[in-house]
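Enquirer: here you go, sequence then predicted model.
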Amino acid sequence: MIYIKNKAIFIADAHENENRRGFWEFLQALKQKKLQTPQLFLMGDIFDLLVYEVKATHEFAKAYIDLLEELADEIEIIYLEGNHDFNLAKFFKKVKVFNINQQPVLCEFQDHTLVKLAHGDIFLKPFLQFCLKSLRNSFLLRILNFLNIISKEKITQTILKKQYKKQLTRKIPHFSSMVKERLKHYGAAFVIEGHYHQDLFLQEEDVKYLNLPTFAYKESFFIVEYSSEIRFHKIELKEA
């Protein structure tokens, strides 16, 4: 059980790459104590591409990994893997990593309300879920890494070029109906996800649901505030 602390920060979908370095600036602000928190939840897809078995993805991320490990001496950091950053456990000693099979992660608010966290790429249609889990297969990824090396990194370069052009703020039609179906699988009073980039709070009967914004857009994140009720205070570090 993870207890969510007052002033905990939640970030999802930073999609950090060579052309997008907002999350790096955020980490620097934490290091310099311009921003302060006792607890940081990274809700997946923090990088456009980071996979342990694919060596070409390591160089860009190395400075981030080192800084996260440094910050973890003072801040509890929980990293839920996404569908762009996975098989990460070997990168970290101090950061707590939860892979797709360990999600949703059960947590508790100060008032003892149970909350479940997930990147969001779970409880999907069976074939899609099978494909996403197969992509994380270490043996297949080592083959991919070999092919990427002999192709002079054309595979990873192609993936990243597509990510540079990806629209990160598209509104999903009938998202509320989709959420209602997803909540049946969670069995908690509060659910927090990333992945969908919808920046939306919903209440379905007795269940509260928060879909986090993509940090990549306005460098948006949420801070937990305990008062007479649980509040999520949204911060935007830049204009659109």
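Expert: Done, it's in.
Enquirer: just the strands in this protein please.
Expert: Assigned by DSSP state E, the strands in the chain fall at 2-3, 9-11, 39-42, 50-51, 76-80, 85-86, 96-98, 105-108, 114-118, 190-193, 200-204, 207-211, 220-226, 230-236.
Enquirer: so, low pLDDT: which residues of this structure?
Expert: 240 (pLDDT under 70).
Enquirer: leaving out the residues flanking it, which one is nearest to the residue most central in space within it?
Expert: In the chain, the C-alpha nearest the mean C-alpha coordinate belongs to residue 44, at 1.8 Å (CA atoms, centre = their mean). Of all residues not flanking residue 44 in the chain, residue 82 sits nearest, at 2.7 Å (CB to CB, 6 or more residues apart in numbering). The way it works is simple: take the backbone N, C-alpha and C, and place the C-beta from them, glycine included.
Enquirer: can you get me a residue count around that neighbour?
Expert: The tally of other residues near residue 82 (other CB atoms under 10 Å) stands at 27.
Enquirer: next one: residue 142
Expert: Residue 142 has 13 nearby residues by other CB under 10 Å.
Enquirer: list the contacts of it.
Expert: Neighbour list for residue 142: residue 53 [criterion: CB atoms under 8 Å, 6 or more residues apart in numbering].
Enquirer: do the one 3 residues further on as well
Expert: Taking CB under 8 Å, 6+ apart, we find residue 145 in contact with 53, 54, 55, 56.
Enquirer: ok, the first one - contacts?
Expert: If I follow you right, that is residue 53. Residues near residue 53 by CB under 8 Å, 6+ apart: 87, 138, 141, 142, 144, 145.
Enquirer: ok, now with 7 Å
Expert: Applying CB atoms under 7 Å, 6 or more residues apart in numbering to residue 53 gives the contacts 87, 138, 141, 142, 145.
Enquirer: name the nearest residue to residue 73, sequence neighbours excluded.
Expert: residue 94 is the one closest to residue 73 (CB to CB, 6+ apart), at 6.9 Å.
Enquirer: hmm, the one you found is touching residue 72, no?
Expert: Yes - between residue 94 and residue 72 a contact is recorded at 3.6 Å, counting by CB atoms under 7 Å.
Enquirer: these two: who's more crowded?
Expert: Per other CB under 10 Å, whichever of residue 94 and residue 72 has more neighbours is residue 72, with 18 against 13.
Enquirer: touching, the more buried one and residue 95? I think so.
Expert: Yes - Residue 72 lies in contact with residue 95 (CB under 7 Å); the separation is 5.2 Å.
Enquirer: surely residue 61 touches residue 48?
Expert: No - applying CB under 7 Å as the test, residue 61 and residue 48 come out as separate, 10.0 Å apart.
Enquirer: neighbour count for the two, which is higher?
Expert: residue 48 (24 against 20).
Enquirer: wait, what's in contact with that one?
Expert: 15, 16, 17, 84, 160, 163.
Enquirer: neighbour count for those - can I get that in CSV?
Expert: Converted to CSV, those look like this (neighbours: other CB atoms under 10 Å):
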residue, neighbour count
15, 25
16, 26
17, 15
84, 23
160, 18
163, 18
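Enquirer: dump the residues you listed to JSON lines, plus distance to residue 32.
Expert: Output for the contacts of residue 48, formatted as JSON lines (distance: CB to CB, whole Å):
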{"residue": "15", "distance to residue 32": "24"}
{"residue": "16", "distance to residue 32": "19"}
{"residue": "17", "distance to residue 32": "23"}
{"residue": "84", "distance to residue 32": "27"}
{"residue": "160", "distance to residue 32": "29"}
{"residue": "163", "distance to residue 32": "29"}
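Enquirer: how close does the closest residue to residue 67 other than its chain neighbours sit to residue 195?
Expert: Distance criterion CB to CB, 6+ apart; nearest residue to residue 67, sequence neighbours excluded, is residue 27 at 5.1 Å. Separation of residue 27 from residue 195 (CB to CB, to the nearest Å) stands at 21 Å.
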